[in-house]
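Novice: give me a 3D structure for the following:
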Amino acid sequence: MNKYLAEFFGVFFWMLTLGCVSINAGVGTIPAIGIGVMVAVMTMLMWHVSGAHLNPAVSVTMWRSGLLPGKELAPYIVFQFLGAGAAAAVIKVLKRTAVSGNLQSHPVAVFTAEFLFTLLLCYALLRLCRQREKLSPVASGMMIGAIITGGVFAMGTVSGALFNPATTLGSGMVGLLPFKSLILYWAAQVMAGFVAPYAYRGLNPDRK
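Specialist: Next up is the predicted model:
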């Protein structure tokens with residue numbers, strides 16, 4: 001099941017970023033960078049779990065090449081489509097309630113944006129710490145930087161893409177956020193921090 005969940009979340013964040021950076025932006029450099037960054041991130045995070053297909057066509061290729069058992073092909077594809085569908089539902093919520101360029105967006109949009117990408121950031125940091133001896137500081141830095149970059153592209157106009165209680169406080173102090181909204185941000189970010197270890201153990205049951 002962990003393989004299928006990895007495919008779900010990989011496609012989920014790919015689709016979420018694609019939708020958020022592309023709607024009202026059209027085809028261009030900025031959407032391309034944001035989407036490319038997130039695909040790179042999810043590939044690195046899910047490679048050791050499922051092979052990071054993140055694409056039904058890739059799964060078919062792997063099956064035809066003998067690299068994916070036939071019994072796993074259908075579940076891979078189903079969870080990939082479920083991930084895209086779940087992301088599409090979240091995009092509709094974010095784009096319906098958010099006000100572009102205004103950090104005082106609808107609370108549901110802010111909470112969703114901050115929770116999802118803080119969760120991804122915490123998950124990635126946990127994995128990097130667990131595999132510290134196998135990864136160089138440069139690779140680790142690129143991973144975290146890529147997540148932040150993709151997150152800013154996707155959620156910058158929704159919540160400001162803070163993903164950090166400390167920078168949230170700083171943003172309030174310099175007037176980027178109203179102080180009354182800090183609790184909402186902190187609730188989403190701290191909740192993501194609590195959920196991340198469970199997500200990691202769920203996708204990596206053979207790892208402590």
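Novice: tally of neighbours for residue 114?
Specialist: Using other Cβ atoms under 10 Å, residue 114 has 29 other residues around it. For every residue, glycine as well, the C-beta is placed using N, CA and C.
Novice: does it touch residue 159 like I think?
Specialist: Yes - if you go by Cβ atoms under 8 Å, residue 114 and residue 159 touch, sitting 5.2 Å apart.
Novice: whichever strand or helix holds residue 86 packs against which elements?
Specialist: If you go by DSSP states H and E, residue 86 is part of helix 70-97. Under the contact criterion of 3 or more Cβ pairs under 8 Å, 6 or more residues apart in numbering; DSSP states H and E, helix 70-97 touches helix 2-22, helix 56-64, helix 107-130.
Novice: so for the most centrally placed residue in the chain, what's the pLDDT?
Specialist: Taking Cα atoms, centre = their mean, the centroid of the chain lies closest to residue 13, which sits 4.3 Å from it. As predicted, residue 13 sits at a pLDDT of 85.
Novice: which residues does it contact?
Specialist: Going by Cβ atoms under 8 Å, 6 or more residues apart in numbering, residue 13 touches 38, 41, 42, 87, 116, 120.
Novice: if you count neighbours, what's buried in the helix holding residue 86?
Specialist: Neighbour counts over helix 70-97 (16 or more other Cβ atoms under 10 Å) mark 73, 76-77, 79-80, 83-84, 86-87, 90-91, 94-95 as buried.
Novice: average pLDDT across stretch 191-205?
Specialist: pLDDT averaged over stretch 191-205 gives 84.
Novice: tell me which residues are up against that stretch.
Specialist: 2, 5-6, 9, 46, 49, 114-116, 118-119, 121-123, 126-127, 130, 207.
Novice: how about it: buried residues?
Specialist: Judged by neighbour count (16+ other Cβ under 10 Å), stretch 191-205 contains these buried residues: 192, 193, 196, 199, 200, 203, 204.
Novice: equivalent analysis for stretch 41-49, please.
Specialist: Of the residues in stretch 41-49, those with enough neighbours to count as buried (16+ other Cβ under 10 Å) are 41, 42, 44, 45, 46, 49.
Novice: and for stretch 171-188?
Specialist: Buried, per 16+ other Cβ under 10 Å, within stretch 171-188: 171, 172, 177, 181, 182, 184, 185, 188.
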